[in-house]
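*Asks:* What follows is a predicted structure for the sequence shown.
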Amino acid sequence: MPVLTDAPPRVVVLEQRGRFLVGEAFFGRGRRVTIERSRDARPGRLALLHPNPKGGRHKIARVLGRPDVARDVIEALMLDRGLRRSFPAGVERAARDARPPEVARHDLTQLPTFTIDPVTARDFDDAISCEALGDEHWRVWVHIADVSAYVRPGAAVDREAYRRSTSVYVPGAVEPMLPEALSNDACSLRPDVDRLAVTVELELRGAQTAKASFYRSLIRSDERLDYDRVDRIFAGSEDAQEPWAEPLAAARAAAAALQARRESRGALAVESVEPEFAFDRRGHLVEAVASVQTESHRLIEHLMIAANEAVATVLDERSIPTLYRVHERPETQAVLRLVDQLASLDIATPPVPEPLAPSQAAEIVAQCAVFVDQHVRRTGHGRQALTSLVLRSLKQARYSPANLGHAGLQSPRYCHFTSPIRRYPDLICHRALLSSVGGGEDAPRAGALDEAAEWTSARERDAMVIERDADDVARCFLLERDMYEGGWDTVYDGEVTGLIGAGAFVTFGNNYQGLLPVRRLRGDWWELNEQGTMLLGTRTGGVIRLGDPVTVAVRQVDAPRGRVDLDLVGIPES
């Protein structure tokens, strides 16, 4: 049910009520208000309101579009959640006028260099160079956009970047941390143009870093690669080109060695599938494609992790104030609950020592993840639900001025360094690193880092909620499209991906998600078991488990609010 408050809403849908134009809270928060008429204020439109603490008629700040157009609704959601959707004029001007200081740089413009990003990417903040030095021996250069050269501490752009702390990515739109003059131009490592970078140069022997050096550089990317193209090259269906063919092959081999080390040291491996949405010119959603982690994704991931670890190591060893990316060991009780939950679903679990030491907790979770993966591969279902159980046993990663290690990666020192265009903690790490290697920056002030850690962690969590809710809205619009084309009597195969006392969450069809309320499961009284892994029918003995395949029909779709109600058609026999 919508949450109603006495506060005026930010986003309304306009309605005609007699001779008055009124605004109804579109996202279920706030009272109905009377709207001051304007030329473009028409019934049936979405509108953003100016704040009006004095009461009376409300003025429209901006008409946003129609509630049946997905792009308009997602834009309205972002504004309703407090995102600005533009930069102050002074910040835009400062970003356009930013001039980097004259500092010593290594000229690497002749070094073969490439970027690998999604096909749809518009900003490129990391680039790679690599050469093979012999058997299981490589030199890797990870080049990261030198945002710190353009964003000076305490200046207007820096203050706004800190306020935002992160870029927010939703279907078809982004709320960037930095103005476009920097994020998509001056700081974007586009091909065939000279760009300022901070380079992490690693000498790898096997998966071990034998030597690391850090410096400001001038680079020139030779090619803008994307994940799909790199996967085609790796599969042999497309040829790599010079001068980046050999460096790409060397980077592939180095990343494979790094991956093997991660797996051997018990790093948590969790597969995720992210949706990529496509819109038509009118703003309607036309399709969603699951973006699956492939070898090209893992190549970049492992090289970025190696660079982040190297930066964190030098900052920790030299006691330079910075923000670390920390992921503390899971609580013992959370791990024991995970093992109990998996056992209740007849999934193999690792032996748990008694007592379970905190140092062993992360290793048990990693082993559980392996057993979950084996179970899913054997049965063919349950990945999303069971992976979620594993993740919920962990503490949430966050930023901290204290190095507490990263349990998920099994890394003793870790920071975020490789995405300063879209994350403020990375910019802090750049300044810290450059201060420690004579790069012309002052070290971050230690006394300000506790507050910065708390603020940036909170903004990251806020962004994740907005991104998740926007994905839900997009899925609902696509589901409505499917229902109108295929009929509302369409039956879908799905899986139970979550359970609460009120019902089962089901993922079905093209990665749609909805709630199957227990009140609609006639003929029985359903209760959630102690582990939260099953709904049990107290009369018939029926069972609905996490990961179970089910057949459902759609009862109702509330696309603007991202909600779907389902009816149960059947539970297939296993």
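*Replies:* On my side now, so go ahead.
*Asks:* where do the helices sit along the chain?
*Replies:* 70-80, 89-97, 156-164, 180-181, 227-235, 245-264, 295-317, 332-344, 358-379, 383-392, 424-436, 449-486 (DSSP state H).
*Asks:* Could you check the second one and say which residues are buried?
*Replies:* Neighbour-count burial for helix 89-97, with 16 or more other Cβ atoms under 10 Å as criterion, is recorded at 91-92, 94-95. In this view, the C-beta of every residue, glycine as well, is placed from N, C-alpha and C.
*Asks:* Name the surrounding residues that touch it.
*Replies:* Around helix 89-97, the neighbours that count as contacts under Cβ atoms under 8 Å, 6 or more residues apart in numbering are 87, 150, 155-157, 160, 178-182.
*Asks:* who's in contact with the nearest residue to F477 once chain neighbours are set aside?
*Replies:* Take F477 and drop its neighbours on the chain: the residue closest to it by Cβ to Cβ, 6 or more residues apart in numbering is A70, 4.1 Å away. Taking Cβ under 8 Å, 6+ apart as the contact definition, A70 lies against 171-172, 279, 283-285, 473-474, 477, 559.
*Asks:* Quick check on the residues you listed: which are buried?
*Replies:* 171-172, 279, 283, 285, 473-474, 477, 559.
*Asks:* can I get those in TSV with pLDDT?
*Replies:* Formatted as TSV, these follow (pLDDT from 0 to 100):
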residue	pLDDT
P171	94
G172	92
F279	92
G283	93
L285	91
V473	95
A474	95
F477	95
A559	87
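*Asks:* Please enumerate the strands of the stretch 1-150 of the chain.
*Replies:* Secondary structure of the stretch 1-150 of the chain (DSSP state E, counting those that start in this stretch): strands located at 11-17, 20-25, 33-34, 46-49, 60-65, 106-107, 114-117, 126-134, 137-145.
*Asks:* Could you pull up the mean pLDDT of the fourth one?
*Replies:* Across strand 46-49, pLDDT averages out at 92.
*Asks:* Any stretches of the stretch 251-400 of the chain with poor pLDDT?
*Replies:* 266-273 (pLDDT under 70).
*Asks:* Of the contacts of helix 89-97, which is the nearest to G547?
*Replies:* L178 (41.6 Å; Cβ to Cβ).
*Asks:* list the contacts for the residue sitting nearest the centre point of the chain?
*Replies:* In the chain, the centroid-proximal residue (Cα atoms, centre = their mean) is M464; its distance is 6.5 Å. Neighbour list for M464: empty [criterion: Cβ under 8 Å, 6+ apart].
*Asks:* pLDDT wise, what is it at?
*Replies:* pLDDT for M464: 95.
*Asks:* Could you do R81 as well?
*Replies:* Here the pLDDT value assigned to R81 is 91.
*Asks:* Can you name the residues that contact the residue nearest to it when sequence neighbours are not counted?
*Replies:* Setting aside the residues directly before and after it, R81 is nearest to I466 in space (Cβ to Cβ, 6+ apart), at 5.1 Å. By Cβ under 8 Å, 6+ apart, the contact list for I466 reads 77-78, 81, 83, 168, 170.
*Asks:* Now do the closest residue to V473 other than its chain neighbours against L536, distance only.
*Replies:* Once flanking residues are discounted, V473 sits nearest to G562: 4.5 Å by Cβ to Cβ, 6+ apart. Applying Cβ to Cβ, to the nearest Å, the value for G562 to L536 is 29 Å.
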